[in-house]
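K.L.:
One predicted model, sequence on top.
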Amino acid sequence: MSPTASPSQPELKHILEAVLLAAGEPLSLSRMATLFDTRDAPSSSDLNKALEELAVDLQGRGIELKEVASGFRLKTRAELMPWISRLWEEKPQRYSRALLETLSLIAYRQPITRGEIEEVRGVSVSSNIIRTLQEREWIRVVGHRDVPGKPALFGTTRAFLDYFDLTTLDDLPTLAEIRDMANLEPEFDFDSSEAAINDAGGETAAEDSADDELVAKNSSPGNDEKAESMDAPEEDSEELDSNQSEESEELTSDALPEDRHEKSF
């Protein structure tokens, strides 16, 4: 079957467009070929040519033809999601940072054990995270490490590639690209910060030197004599208090006999 239409049959690209739209999942070339009669089944080259024509026809449209790990599929364009998402009242499911970090380690370092993931992240991996990733069919057990305990080795699946619009693991962004993305974040103005710290340090040094001068002045010989003279009145006041107390004791002792004499009457 040629990509062009026959008198009794529509063009192959139109058939594939309808099939992919109705399928709702990626279809491989071999799966597409089974939809035709044996005598009219298109070859792989015919299918590829028809898909290329379909991709050109869909340029500038709201949907696009995308090749993923499991085959080809029709999908809405990402830039139109703000409007499409309003069709559903429920918000899309959000995944925790711990889950995404675990999935990233499995994707980039597979096959990997749970213990190795915990060693990299520095924290234990929740069983709920592993279970959620397996229920989503994003990861699977691909083997067991030949060490005591035989821990399971995890790897990603085709469903993982399909969900993230990847054909192979080679389509994942490289670590260098991720670092470049991190460098796009705003940088702090360390020069001005250092200048402010230096200014603050200068003011602190000036204050410290002023305090040192004040301490030096207070510790000079002249100041010691002044300090002794200031302490002298305190000694005089102590002597005065002792004299007053002695006089009060004498007056009290003199008054005692008279009080006794008055009480005798």
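P.N.:
Nice, thanks for sending it over. Residues are numbered from 1 along each chain as shown.

K.L.:
From the rest of the structure, what touches stretch 46-55?
P.N.:
Contact partners of stretch 46-55, identified using Cβ atoms under 8 Å, 6 or more residues apart in numbering, comprise 1-3, 11-13, 16-17, 29, 32-33, 42, 64-65, 72. Where you see a C-beta, it was placed from the backbone N, CA and C, and this is true even at glycine.

K.L.:
quick one: low-confidence ranges for the stretch 101-250 of the chain?
P.N.:
Along the stretch 101-250 of the chain, segments meeting pLDDT under 70 span 178-250.

K.L.:
Any of the contacts of stretch 46-55 buried? List them.
P.N.:
Burial by neighbour count, 16 or more other Cβ atoms under 10 Å: within these this picks out 1, 3, 11-13, 16-17, 29, 32-33, 42, 64-65, 72.

K.L.:
Return the closest of those residues with respect to Ile84.
P.N.:
Glu64 (13.4 Å; Cβ to Cβ).

K.L.:
In terms of helices and strands, where is the closest one?
P.N.:
strand 63-68 (DSSP states H and E).

K.L.:
who's in contact with that strand?
P.N.:
With Cβ under 8 Å, 6+ apart, strand 63-68 has contacts from 20, 26, 51, 54-55, 58, 72-77, 161-162, 165-167.

K.L.:
ok, back up a step: and the buried ones among the contacts of stretch 46-55, which two are furthest apart?
P.N.:
Met1 and Glu64 (24.8 Å).

K.L.:
and the closest residue to Ser126 other than its chain neighbours, what is it in contact with?
P.N.:
Distance criterion Cβ to Cβ, 6 or more residues apart in numbering; nearest residue to Ser126, sequence neighbours excluded, is Ala98 at 7.0 Å. For Ala98, the contact set (Cβ under 8 Å, 6+ apart) comprises 121, 123, 125-126, 129.

K.L.:
How about Tyr108?
P.N.:
172, 175.

K.L.:
send the alpha carbons of the helix or strand harbouring it over as PDB?
P.N.:
Take DSSP H and E as the rule and Tyr108 turns out to sit in helix 97-109. Extracted in PDB, the C-alpha atoms of helix 97-109 (Å, rounded to 0.1, in the frame of the first residue of the first chain):
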ATOM      1  CA  ARG A  97      10.800  16.200  46.100                       C
ATOM      2  CA  ALA A  98      11.900  12.900  47.700                       C
ATOM      3  CA  LEU A  99      10.000  10.900  45.100                       C
ATOM      4  CA  LEU A 100      11.500  12.900  42.200                       C
ATOM      5  CA  GLU A 101      15.000  12.600  43.600                       C
ATOM      6  CA  THR A 102      14.600   8.900  43.900                       C
ATOM      7  CA  LEU A 103      13.300   8.600  40.400                       C
ATOM      8  CA  SER A 104      16.100  10.700  39.100                       C
ATOM      9  CA  LEU A 105      18.700   8.500  40.700                       C
ATOM     10  CA  ILE A 106      17.200   5.400  39.300                       C
ATOM     11  CA  ALA A 107      17.000   6.900  35.800                       C
ATOM     12  CA  TYR A 108      20.600   8.100  35.800                       C
ATOM     13  CA  ARG A 109      22.300   5.400  37.700                       C
END
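
K.L.:
who's in contact with whichever helix or strand comes after it?
P.N.:
Going down the chain from helix 97-109, the next helix or strand is strand 112-113, by DSSP H and E. Outside strand 112-113, the residues that touch it by Cβ under 8 Å, 6+ apart are 105-106, 145, 151-154.

K.L.:
and stretch 12-20, what's its mean pLDDT?
P.N.:
Stretch 12-20 shows a mean pLDDT of 92.
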